[in-house]
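S.K.: sequence and predicted structure are below.
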Amino acid sequence: MKVRVASSANRKWLIALAFALMATALALIVSLNRPSQTAEFLVAKQDLPSGSLLSAAQFKPTSVALGTATGLYLQRLPNNVRLRLPIRAGELLSASALGRADERFSVVLSPSEPLSTAIGVGSTIDVWFVPKTSTAALPSQPVRVASGLEVRARTDLGSAFGAGGAGLSTLEVAAFETDLPALMLASADGGFISVISSE
């Protein structure tokens, strides 16, 4: 008789456990199929270099479902803020991108060859240089004079600058003080300056 009572209790316990598992599975299915909640966050309309003073006109509020990453991105733009890091068009504005930009100087480069179309505002580049002075016995060797420079502006030269300017561009880059002497010497030498994307 005691065995029957124990068996009946076990059956009731198993039935209760089965219902609990079914309820848990059902709740999980509902949560997985529930549409994620969206909210409006700021998305850049254009490429913006570091140091840019931000305004609402540079961003478009866009509905996005970020889940647990919601706190990492901005829904409203604070007053009088600058970019610490560059952002590209279509990117969300993260809180970590705001702040004081590194102490860097703007330098304008005139590469000797056409630039890749992939190089634009916010790109990072390496600058290579071949000195003008060269002889058959001692040809000049290319030297990397700077690396990891951020592009702040790109200007493509048209036919208005003459046949020599067609297809060429100038770049405004952000350089550290330690990079300035080599970049200035390369520009003054009149040799061959090449810019390569380092991304």
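M.R.: Received the coordinates, thanks. Here the structure is a predicted model, which is why all the values come from computation and not from measurement.
S.K.: make it CA atoms for all contacts and neighbour counts henceforth
M.R.: Fine.
S.K.: how about Leu183: what's its closest non-neighbour residue?
M.R.: Spatial nearest neighbour of Leu183, chain neighbours left out: Val145 (6.6 Å); criterion: Cα to Cα, 6 or more residues apart in numbering.
S.K.: could you tell me which strands sit next to the helix or strand harbouring that neighbour in the sheet, and their orientation?
M.R.: Using DSSP states H and E, Val145 sits in strand 143-156. Sheet pairing here is set by DSSP bridges, and for strand 143-156 it gives strand 124-130 (antiparallel), strand 169-175 (antiparallel).
S.K.: closest one to Leu185 among those?
M.R.: strand 124-130 (9.9 Å; Cα to Cα).
S.K.: the domain parsing of this structure - what is it?
M.R.: The chain resolves into domains spanning 39-97, 105-197 when parsed by automatic domain parsing.
S.K.: between those, which has the poorest mean confidence score?
M.R.: Across those, domain 105-197 has the smallest mean pLDDT, namely a mean of 84.
S.K.: end-to-end on it?
M.R.: Taking Cα to Cα, to the nearest Å, domain 105-197 runs 20 Å from one end to the other.
S.K.: from the middle of its chain, how far away would it be?
M.R.: Offset of domain 105-197 from its chain centre (Cα atoms, centre = their mean, to the nearest Å): 22 Å.
S.K.: then stretch 42-49?
M.R.: Distance of stretch 42-49 from the chain centroid (Cα atoms, centre = their mean) equals 10 Å.
S.K.: may I see the buried residues of it?
M.R.: By neighbour count with 16 or more other Cα atoms under 10 Å, stretch 42-49 contains the buried residues Leu42, Val43, Ala44, Lys45, Asp47, Leu48, Pro49.
S.K.: so which of these belong to helices?
M.R.: Residues of those located in helices (DSSP state H): none.
S.K.: can you pull out the strands in this structure?
M.R.: 39-44, 59-64, 105-109, 124-130, 143-156, 169-175, 192-197 (DSSP state E).
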